[in-house]
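Student: Quick one, what's the 3D model for this:
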Amino acid sequence: MLWALPFVLVTVIAFPAIAVINARHSRNASIESVTPTALYLQLLLIQAVLAGLAALAQRGADVPIGWSARVAPDTVVPAIGLLGVAVILAVWFREPAGSAPEISHLLAPKSGRDWALWTAAMVAAAVAEEFAYRGTLFALASRVIDRPFISSLLTSAVFGLTHAAQGWRGVVMSGLFGLGLQSLVLWSGGLLLAILVHLTYDIGIQLAARWLIPARPASREPPARVA
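Tutor: Here you go, the predicted model:
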């Protein structure tokens, strides 16, 4: 299990802590100067680190990961239902306009290169996060806690906390979404359907964000100087 220690420390402690710190500073931070390209590359790097640590933990601890899933009406219908509920809740509980920096507007692709990097980032996030949280972390938790429901709750709570930078709504929504995805993995027998639902949700929400969340007018105050 020592091989799994770096992965557990990063996913359970480091990522949630960084997200909470970012949440505390995001309201006063100036993000207008950050380019979409820089954000896409940062996201790709984070997902590469996450997937690499998950693979190291999975191989070192010898935990089984099922990628293929049973595709049948009794698995596809719940997958579509989960996607629909997640979208409805995301729209219903979206942040009020102007309450925080509209990162979704900043993430919007503006060129052909942006679209390519954005697509790669969305795919990487869906695959890496499902592999890490619904696959490796859940399998490790299940070795310690031989109760799938409790393991699902714990790993989904960790997944929710990694979205603390999106505010309490992001934590709750991501945690519930993670719990639904974990249930789908257990029901279908693999990660495939969860990856597809995750990817479809991320792409759909990002594309709709510019319509759902009005952009704030540009600030007339000069950005704060960094010492």
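
Student: Show me which helix or strand of this structure is least confident by mean pLDDT.
Tutor: Least confident helix or strand, the chain: helix 103-107 with a mean of 61, by mean pLDDT, DSSP states H and E.

Student: Give the buried residues for the helix ranked longest in the chain.
Tutor: The longest helix of the chain (DSSP state H) is helix 36-61. Within helix 36-61, the residues that qualify as buried by neighbour count (16 or more other CB atoms under 10 Å) are 36, 39-40, 43-44, 46-47, 50-51, 53-58, 61. In short, each C-beta sits where N, CA and C put it, glycine included.

Student: Just give me how far that helix sits from the chain centre.
Tutor: Relative to the centre of its chain, helix 36-61 is centred 12 Å away, using CA atoms, centre = their mean, to the nearest Å.

Student: Please apply the same query to stretch 123-141.
Tutor: 10 Å.

Student: Residues contacting that stretch, please?
Tutor: By CB atoms under 8 Å, 6 or more residues apart in numbering, the residues outside stretch 123-141 that reach it are 1, 4, 7-8, 11-12, 43-44, 47-48, 50-51, 53-55, 57-58, 61, 63-66, 151-152, 154-156, 158-159, 178, 181-182, 185, 191, 194-196, 198-199, 202.

Student: Which entries within the residues you listed meet the buried criterion?
Tutor: Applying 16+ other CB under 10 Å to these flags 4, 7-8, 11-12, 43-44, 47, 50-51, 53-55, 57-58, 61, 63, 65, 151-152, 154-156, 158-159, 178, 181-182, 185, 191, 194-196, 198-199, 202 as buried.

Student: show me where this protein has helices.
Tutor: So, for the chain - with DSSP H - the helices run 5-8, 15-26, 36-61, 73-92, 103-107, 112-129, 138-144, 148-161, 167-188, 192-212.

Student: Which of the ones you listed has the lowest mean pLDDT?
Tutor: Mean pLDDT per stretch puts helix 103-107 lowest among these, at a mean of 61.

Student: quick one, what contacts Ala55?
Tutor: 131, 136.

Student: And it, how far from Asp202?
Tutor: Separation of Ala55 from Asp202 (CB to CB, to the nearest Å) stands at 22 Å.

Student: ditto for Val91
Tutor: 15 Å.

Student: cool, Gly170 as well?
Tutor: 13 Å.

Student: same deal with Ser188?
Tutor: 19 Å.

Student: Give me the neighbour count for Gly112.
Tutor: Gly112: 8 surrounding residues under other CB atoms under 10 Å.
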